[in-house]
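Asker: Need a 3D model of the following:
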Amino acid sequence: MKKYLIAVLTAVAFGASAQTPNVQIPYSHDFYQKFNKKVYNVNSRMHSSIRAYFVDDSLLRPTYDSLMRYGTDTLNRRSWVRRKLTEEHLVNAKGEDYTFFADFLPDFQIGYDLSQKSSTWLNTRGFQLGGTVGEKFSFYTSGFENQGRFANYYSRFVEENQVVPGQNGGSIGKLDGATKDWSYVSALVSYTPNKHLNLALGYDKNFIGDGYRSMLLSDVSSNYSFLRLRASLGNVQYQTIFAYMLDPMAPKLTEDRRLGDRAKWMAAHYVDWNATDRFSIGFFQAVTWADAEPEGKRGFDFNYVHPFIFLRPIESANRNSPDKMRIGFNAKYEILDKTTVYGQFMFDEFVVKELFAGNGFWANKFATQIGFRGSDLFKVQGLNYLAEFNTARPYTYAHFNRLSNYSNYNQPLAHPFGANFREILGILNYSYKRFDFSGHGMYARYGLDAEGTNFGKDIFKNYETRSVEYGSHIGQGLKTNLYYAQAKVAYLINPKYNLRFELSGIYRRESTDQIGTNNNMIITFGLRSTFRQLYSDF
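Answerer: Purely as a prediction, here's the structure:
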């Protein structure tokens, strides 16, 4: 792998010297909605499904600068303290060929669950550092120290999976019976040697798709280490990711701590083609495999390094391959100037004769997404909207070995529900001066497992222990209905790191056959910051 990377770097080192996109915008769905008018526009051919975007993309730069400069005193009459509080980074330096910034990132929340009659709170102290060196190199890192008390459904997830969703689990501690203590970091270095290529080394997340969810690769799990290459040529953009992930709940190879948690690898390739001004289509392929087994260490498989070929023939060339291959498609069509229809399809596994027989064979496993999104709804400037349907058949994303299933650190790499579900959701966002308003509604139906059964929702279970052979259908098992709604109002204090006061209300109702109903009605208020995307709608 080292020889391959050196060859790539050498080949591109003497390319064109024009400034190209390099500085990444941290991904947050609410914040990215504000780019809708530019991204989903028949007059642009942006590769919208490959996220995160870049600050210095010529299409996005004017909008990004406008958002970052909102409320700036151009006459410089405000005091130093007020400027630092409302419009500048805490530390900001700029030289002839470098930039640097640093901020303190608070996230302090208090809340109360009216249904459970219990309090919730969050005490997060974080930081971020970032900057550029010349026009081709950028860096970013952030870290967070947290204590918190969650709603019962959220706390139950943490206890069962030993991870705070999307954050970390390795150092979760308890200050008392219900209060959790954890920390985590993110980091990314980015190098753009010429106008066609960007290389990034990170401990972060990735997202592929045009929707709120992704059935191909999403950001719901914790950070992981990766090497990422993005190459652009005309209307085609290509991305390849080599990732190293952990699975702390996989059976240990030793009884002591010498080898630590079990690990896995992923190689994921995605090519996106803007076929016309309105239509684009992308092809995705990913393979996952265990780093080591009781029989010995395997490590990185160099067969999967090659970026411009189909991985399936390589994987099947090993007749006894324990690896798991998945392929998928992403497409969008801009039906109106400000409205886009999008969708995804993920093939996990299928048997052709069984697929057309229509007998519900368990191994016909796939996931689907369809939705539409846009801006200026009802001709209201800045009113962004999204509606989406997602579904995955039972046993999708699972494998006979949890180290080759589609997951990272006890969470799925695609949809947070795993498999065996249907979901419909809608989101509205609107900004007026310093106020941000958002509404989010979701309904899902899925089938849970009774003790000793496997109906296909839990992707960490060995699919050879399945409870169904034929007649497999979405929602099998203990029928469960989930209703979720959230409304938020935020007042922006400093746009540089999204410092804001935020008031939020959540209604959640989950009812399961033979188990009962759990209700939550949570009101929270806090001083928040950062552009992190953290999910609570599961």
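
Asker: How about the contacts made by the closest residue in space to Val380 that isn't next to it in sequence?
Answerer: Nearest non-adjacent residue to Val380, counting by CB to CB, 6 or more residues apart in numbering: Tyr430, 7.3 Å away. C-betas here are computed from N, CA, C, even on glycine. Neighbour list for Tyr430: Val380, Gly382, Leu383, Asn384, Asp436, Phe437, Ser438 [criterion: CB atoms under 8 Å, 6 or more residues apart in numbering].

Asker: Show me how to select, in PyMOL, the buried members of those.
Answerer: Buried members of the contacts of Tyr430, defined by 16 or more other CB atoms under 10 Å, are picked up in PyMOL with:
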select buried, resi 382+383+384+436+438
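
Asker: tell me the least confident of the contacts of Tyr430?
Answerer: Note: of the contacts of Tyr430, the lowest pLDDT belongs to Gly382, at 91.

Asker: Name the nearest residue to that residue, ignoring sequence neighbours.
Answerer: Of all residues not flanking Gly382 in the chain, Ser431 sits nearest, at 5.1 Å (CB to CB, 6+ apart).

Asker: Helix, strand, or coil at that neighbour?
Answerer: Following DSSP: H, G, I helix; E, B strand; the rest coil, the label given to Ser431 is strand.

Asker: Kindly list the main-chain dihedrals of the residue of the chain positioned farthest from its centre?
Answerer: Farthest-out residue of the chain from its mean C-alpha position, per CA atoms, centre = their mean: Arg77, at 40.8 Å. Main-chain torsions, Arg77, degrees, to the nearest 10: phi -100, psi -10.

Asker: Can you read off the pLDDT for it?
Answerer: We have a pLDDT of 76 for Arg77.

Asker: ok, it to Arg83 distance?
Answerer: Distance of Arg77 to Arg83, computed by CB to CB, to the nearest Å: 10 Å.

Asker: thought Ser375 was touching Val39?
Answerer: No. At 9.3 Å, Ser375 does not count as touching Val39 under the criterion of CB atoms under 8 Å.

Asker: does Phe31 sit in a helix or strand, and which one?
Answerer: helix 29-32 (DSSP states H and E).

Asker: avg pLDDT for that helix?
Answerer: Averaging pLDDT residue by residue across helix 29-32 gives 94.

Asker: Send me that helix as CSV with only the CA atoms.
Answerer: Extracted C-alpha coordinates of helix 29-32, given in CSV (Å, rounded to 0.1, in the frame of the first residue of the first chain):
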residue,chain,number,x,y,z
HIS,A,29,-27.6,18.4,7.8
ASP,A,30,-29.1,21.5,9.2
PHE,A,31,-26.2,23.7,8.0
TYR,A,32,-25.8,22.0,4.6
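
Asker: chain center to it: distance?
Answerer: 12 Å (CA atoms, centre = their mean, to the nearest Å).

Asker: other SSEs contacting that helix?
Answerer: Here helix 29-32 touches no other helix or strand, going by 3 or more CB pairs under 8 Å, 6 or more residues apart in numbering; DSSP states H and E.

Asker: next structured bit after that helix?
Answerer: Downstream of helix 29-32, the first helix or strand assigned by DSSP H and E is helix 36-39.

Asker: Now do the strands in the stretch 1-150 of the chain.
Answerer: Assigned by DSSP state E, counting those that start in this stretch, the strands in the stretch 1-150 of the chain fall at 50-51, 91-94, 98-113, 118-133, 137-149.

Asker: Any idea how far the first one is from the middle of the chain?
Answerer: Averaging C-alpha positions (CA atoms, centre = their mean) puts strand 50-51 10 Å from its chain's average.

Asker: can you check stretch 269-277 too?
Answerer: In terms of CA atoms, centre = their mean, the centre of stretch 269-277 is found 20 Å from the chain centre.

Asker: how many neighbours does the nearest residue to Phe421 once chain neighbours are set aside have?
Answerer: Excluding its sequence neighbours, the residue lying closest to Phe421 (CB to CB, 6+ apart) is Tyr446, at 3.6 Å. When neighbours are defined as other CB atoms under 10 Å, Tyr446 has 27 of them.

Asker: Same check on the one 3 residues further on?
Answerer: Neighbourhood size, Asp449 [other CB under 10 Å]: 17.

Asker: One more: the one 10 residues further on?
Answerer: By other CB under 10 Å, the residues close to Ile459 number 26.

Asker: surely it meets Phe400?
Answerer: No. Counting by CB under 8 Å, Ile459 stays clear of Phe400, with 12.0 Å between them.

Asker: what bridges to the residue nearest to Gly382?
Answerer: The partner list for Ser431 in beta bridges (DSSP bridges) reads Asp436.

Asker: got a list of what it touches?
Answerer: By CB under 8 Å, 6+ apart, the neighbours of Ser431 are Lys34, Gly382, Phe437.
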